[in-house]
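Okay, here's the prediction I keep looking at, along with the sequence it came from:
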Amino acid sequence: MYGHAFSLLLHGAPELVREGVEYGDHSAPDRPHLLTVGMAGYTGNGIIGQPSLGTPAKGKAILDSLSRSAAAHLALLEETR
């Protein structure tokens, strides 16, 4: 993850972001037991990825893109009804 989820959070609910989290980059590229041991098995601070790359503007762009994509799929489904 390269700040995508963090960007969405910064855009949609910035009040939920703890101060300093944007400096908490933590690499854990190989997480074969994530579902078994959870995040704590790979990170002490709850972060895996690079929140330092996240911005509210990127979050808005991601959400806009997802919305356009969903709208196109819904329109196609409507056409085939």
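Alright, I've got the coordinates. This structure is a prediction, so every number in the text was calculated from the model and none was measured.

any idea how far Val21 lies from Thr36?
25 Å (Cβ to Cβ, to the nearest Å). For the C-beta atoms, the positions are set from N, CA and C on the backbone; glycine is no exception.

same question but for Gly12, I mixed them up
30 Å.

Comparing the two, which shows the higher neighbour count?
Neighbour count, other Cβ atoms under 10 Å: between Gly12 and Thr36, Gly12 has more, with 12 against 7.

correct me, but that one touches Lys58?
No - between Gly12 and Lys58 there is no contact under Cβ atoms under 8 Å: 11.9 Å.

In the chain, mark out all the helices, start to finish.
4-12, 34-37, 56-79 (DSSP state H).

okay, those helices, which one's buried deepest?
helix 4-12 (a mean of 19; mean count of other Cβ atoms under 10 Å).

Test my guess that Phe6 contacts Ile62.
No - with contact defined as Cβ under 8 Å, Phe6 does not count as touching Ile62 (10.7 Å).

thinking again about what came up before, make CSV out of the helices of the chain and add distance to Gly44 and mean pLDDT.
What follows is these, written out as CSV (distance: least, Cβ to Cβ, whole Å; pLDDT from 0 to 100):
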stretch, distance to Gly44, mean pLDDT
helix 4-12, 18, 92
helix 34-37, 13, 92
helix 56-79, 26, 94
